[in-house]
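**Student:** Generate coordinates for the sequence data below:
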Amino acid sequence: MKLISLRNSALLAISASLFSFNGVVAAAESSPAAPIVMTGADRRPAQSLNGDWHVIPDPYQTGLYDFHKHEIARGWFVNQKAKPGDTGPVDYDFSKAETLKVPGDWNTQKREFFWYEGLMWYEKDFNFEPKEHTRTFLHVGAANYKSIFWVNGTKVCEHVGGFTAFNCDVTAAVHAGSNFVIAVVDNTRHEDGVPTTQTDWFNYGGLTREVSLITVPVAFIDQYDLHKSKTDPEPDMIEGWVHVVGASAGETVEVSIPELNAKISAPIGDGAKAWIHLKPSGLKLWSPESPKLYKVELKAGADSVEDEIGFRTIEVKGTEILLNGKPIFLRGVCIHAEAPYRTGRAYSDKDAETLLGWAKELGANFVRLAHYPHDETMLRAADRMGILVWSENPVYWAVQFDKPEVYANAQHQLEEEIGTYRNHAAIILWSMANETPINDARNKFISSLAAKARELDPTRLITAALLVHTEANGDRSTKVVDDPLGASLDVLGTNEYIGWYEQHPETADKTDWKISYQKPLIMSEFGADAKAGLHGGENDRWTEEYQANVFRHQLGMLNRIDQLRGMSPWILMDFRSPRRPLAGIQDMFNRKGLISDQGEKKQAFFVLQKAYTERTVGKAD
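**Tutor:** Predicted coordinates:
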């Protein structure tokens with residue numbers, strides 16, 4: 001399999017090959033520049049475009065094509081208004097269309113859109129005053145899954161991927177006074193998508209995260225990476241780089257940490273990067289017990305960014321995970337980006353603080369954010385609250401590993417994820433995939449992603465959630481972890497569901513583990529379904545008692561795995577999934593949550609809470 005190496009100059013060509021609606025390439029116009037990644041975009045002053053947007057569902061793609069599937073030169077993106085003397089009808093009018101809130105998915109806002117998969121048009125009017133010697137970007141926190149954006153009828157960008165932020169240059173499209181932005185978002189699942197057609201979560205469509213306008217100088221900081229050095233002999237050395245778009249070699253970048261009276265000026269060299277080596281005095285390291293964040297100021301010419309960054313190190317030594325040089329056991333839980341109480345896609349500070357607040361109450365110091373990059377509000381909250389994070393690329397189950405364009409899509413999403421989130425102290429693990437079948441194409445696909453992740457960010461650990469197989473051994477059984485992908489990982493993740501998808505809860509008591517790699521192991525998933533409030537015997541499926549019984553047996557088994565260094569049972573809160581139709585029990589929800597979607601704590605929550613708070617499960621070394 002030939003793997004495609006992505007660079008900004010090639011993104012548009014790849015996007016064009018990926019971007020189609022049901023196999024038909026979108027309307028041909030002059031191609032806009034590919035969207036860029038901005039580190040710390042949420043820290044920049046912005047003009048919010050959140051709120052009410054007019055929407056029109058378009059299941060027949062009428063706004064893009066005629067009935068012969070020919071591209072329409074004046075599609076709905078021109079926002080045409082009917083006027084006297086027209087020679088034909090204008091059969092759409094955004095100003096008269098219904099509205100949806102942005103950010104937000106369309107599925108949970110309007111009952112008639114709940115199961116809708118297809119195109120949805122969005123339109124919003126806004127006022128804007130351009131400034132001289134600046135560039136303006138349309139910042140989109142996420143649009144699931146494929147999207148095109150126009151400003152005042154001019155196409156400004158296309159994007160593929162439902163869970164990463166992107167920024168479209170709209171400098172030439174906006175003008176003083178009244179403007180309008182139109183987006184078409186398509187959440188149709190595709191066999192060659194990442195993820196593919198089969199997932200175990202709800203396919204929420206729309207502009208699911210914040211949308212805003214960000215104005216920067218002509219030369220501006222687009223990405224930066226600042227972290228505690230693991231290799232410098234100076235004990236508190238902060239190192240990294242700042243990349244400046246439009247800068248000339250020899251110009252300088254300033255980085256300062258006012259609280260530590262630390263400041264450096266570094267020249268911009270090859271690749272438009274300034275390399276940073278900063279030696280502060282009295283640096284306090286970030287940890288779950290003391291999540292210290294520092295205000296960091298970055299300046300390049302007329303541009304400046306202020307961020308809040310924690311500094312810590314993460315590494316492996318044999319089967320240990322070392323945080324700031326000391327062994328740590330990751331007491332965790334998995335979390336989907338499902339909003340508590342209202343359901344739908346999570347996006348707000350309140351959503352993040354509720355979910356992570358429950359994790360803290362559980363006694364967790366770690367969360368696995370499954371199965372895709374979550375909103376930056378979640379990561380900011382994790383930084384503040386001292387919760388370590390596993391962040392995952394949506395290579396889920398059986399994607400088409402043998403297709404170069406699918407790899408290009410997965411790598412591009414990984415680049416956007418790392419480029420956006422690389423300065424969050426909470427993130428310690430980049431996960432490449434979840435539960436993928438073992439074959440040569442898959443091995444090369446994911447090991448290549450791992451290599452790319454190390455190239456982009458050599459400071460964090462690489463993992464993936466692997467499947468395991470079972471060997472019988474008399475009245476006992478052995479779970480074997482020998483996936484060849486393990487050779488490409490720093491930390492092994494394994495999923496197993498003893499007592500739910502196989503055997504019985506007590507089977508865990510007679511289960512041993514054989515692991516082919518001397519590396520740290522995280523039990524990245526285990527659990528069982530239970531409907532909150534449904535009670536019965538401990539062997540009655542779907543009851544809280546059964547779920548709690550599974551957890552009790554699992555905890556005993558986990559304590560017998562010598563190289564276990566973390567766990568993240570599935571899952572903190574119930575979440576929607578069309579794969580779960582059992583009426584009266586699941587009702588289209590995966591019920592493995594320790595908490596219901598309405599905030600009701602199940603018995604298993606308290607079983608795990610006791611183990612975590614009393615430190616009766618797991619060891620750091």
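**Student:** Not counting its neighbours along the chain, what's nearest Ile515?
**Tutor:** Val481 (4.5 Å; Cβ to Cβ, 6 or more residues apart in numbering). Every C-beta, even on glycine, is put in place using the N, C-alpha and C of the backbone.
**Student:** wait, doesn't that neighbour sit right on Tyr517?
**Tutor:** Yes - between Val481 and Tyr517 there is a contact under Cβ atoms under 8 Å: 7.3 Å.
**Student:** overlap in contacts of the two?
**Tutor:** Leu492 (Cβ atoms under 8 Å, 6 or more residues apart in numbering).
**Student:** Those two: which is more packed in?
**Tutor:** Legend: neighbour count by other Cβ atoms under 10 Å for Val481 and Tyr517, higher for Val481 (22 against 16).
**Student:** Which per-residue confidence value corresponds to that one?
**Tutor:** With respect to pLDDT, Val481 scores 98.
**Student:** quick one: average confidence on the helix or strand harbouring Asp125?
**Tutor:** Following DSSP states H and E, one finds Asp125 within strand 119-128. In this model, strand 119-128 carries a mean pLDDT of 98.
**Student:** show me the contacts for Glu117.
**Tutor:** Asn187, Thr188, Arg189, Asn203, Gly205.
**Student:** Next, count neighbours for the fourth one.
**Tutor:** Same thing as Asn203. The burial count assigned to Asn203 is 21, neighbours taken as other Cβ under 10 Å.
**Student:** What segments of the stretch 151-300 of the chain are strands?
**Tutor:** Using DSSP state E, counting those that start in this stretch, the strands of the stretch 151-300 of the chain run over 154-160, 166-169, 177-186, 211-217, 220-228, 238-245, 252-257, 262-267, 273-278, 294-300.
**Student:** continuing past the strand or helix carrying Gly332, what's the next helix or strand?
**Tutor:** Using DSSP H and E, Gly332 sits in strand 330-335. Moving toward the C-terminus from strand 330-335, the next helix or strand (DSSP H and E) is helix 349-362.
**Student:** And the pLDDT for Pro32?
**Tutor:** Pro32 is given a pLDDT of 88.
**Student:** sec struct for it, please.
**Tutor:** Here Pro32 is recorded as coil under DSSP: H, G, I helix; E, B strand; the rest coil.
**Student:** What residues does it make contact with?
**Tutor:** Contacts for Pro32 were tallied using Cβ under 8 Å, 6+ apart; they are Leu12, Thr154, Lys155, Val156, Cys157, Glu158, Cys168, Asp169.
**Student:** redo that, cut-off 6 Å
**Tutor:** Shown in contact with Pro32 (Cβ atoms under 6 Å, 6 or more residues apart in numbering): Lys155, Val156, Cys157.
**Student:** Double-check the second one against Phe149; I have them as touching.
**Tutor:** Yes - here Val156 reaches Phe149: they are 5.2 Å apart, a contact under Cβ atoms under 6 Å.
**Student:** Compare neighbour counts for the two and give me the winner.
**Tutor:** Phe149 (28 against 23).
**Student:** distance of Asp402 from Ala450?
**Tutor:** Going from Asp402 to Ala450 by Cβ to Cβ, to the nearest Å gives 18 Å.
**Student:** Of those two, which one has the most company?
**Tutor:** Ala450 (22 against 14).
**Student:** just to revisit the earlier point, who touches the residue nearest to Ile515 in this structure?
**Tutor:** Per Cβ under 6 Å, 6+ apart, neighbours of Val481: Val468, Thr494, Ile515.
**Student:** Now render these as CSV, adding distance to Ala41 and secondary structure.
**Tutor:** Formatted as CSV, those follow (distance: Cβ to Cβ, whole Å; DSSP: H, G, I helix; E, B strand; the rest coil):
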residue, distance to Ala41, secondary structure
Val468, 39, coil
Thr494, 35, strand
Ile515, 40, strand
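**Student:** So which of these is surrounded by the most neighbours?
**Tutor:** Counting by other Cβ under 10 Å, top hit in the contacts of Val481: Thr494 with 24 neighbours.
**Student:** isn't it right up against Val468?
**Tutor:** Yes - counting by Cβ under 6 Å, Thr494 does reach Val468; the two are 5.3 Å apart.
**Student:** ok, back up a step: can you redo the contacts of Pro32 as JSON lines with distance to Ile56 and pLDDT?
**Tutor:** Shown next, in JSON lines, are the contacts of Pro32 (distance: Cβ to Cβ, whole Å; pLDDT from 0 to 100):
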{"residue": "Lys155", "distance to Ile56": "18", "pLDDT": "97"}
{"residue": "Val156", "distance to Ile56": "20", "pLDDT": "98"}
{"residue": "Cys157", "distance to Ile56": "20", "pLDDT": "97"}
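**Student:** can you tell me the average pLDDT over stretch 328-339?
**Tutor:** In the prediction, stretch 328-339 has an average pLDDT of 98.
**Student:** Can I get it as CSV, trimmed to CA atoms?
**Tutor:** The C-alpha atoms that make up stretch 328-339 are tabulated as CSV, following Å, rounded to 0.1, in the frame of the first residue of the first chain:
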residue,chain,number,x,y,z
ILE,A,328,1.6,6.6,38.1
PHE,A,329,-1.4,4.4,37.9
LEU,A,330,-4.2,5.7,35.7
ARG,A,331,-7.5,5.4,37.5
GLY,A,332,-9.8,6.3,34.6
VAL,A,333,-13.1,6.0,32.7
CYS,A,334,-14.1,6.4,29.1
ILE,A,335,-16.2,9.3,28.0
HIS,A,336,-18.2,10.0,24.8
ALA,A,337,-18.9,13.5,23.7
GLU,A,338,-22.6,13.1,24.6
ALA,A,339,-24.2,16.0,26.4
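**Student:** Residues contacting it, please?
**Tutor:** 201, 321, 345-346, 351, 355, 359, 364-370, 374, 566, 568-572, 575, 612, 618, 620.
**Student:** Drop anything exposed from those.
**Tutor:** Neighbour counting with 16 or more other Cβ atoms under 10 Å marks 201, 321, 345-346, 351, 355, 359, 364-370, 374, 566, 568-572, 575, 612, 618 as buried within those.
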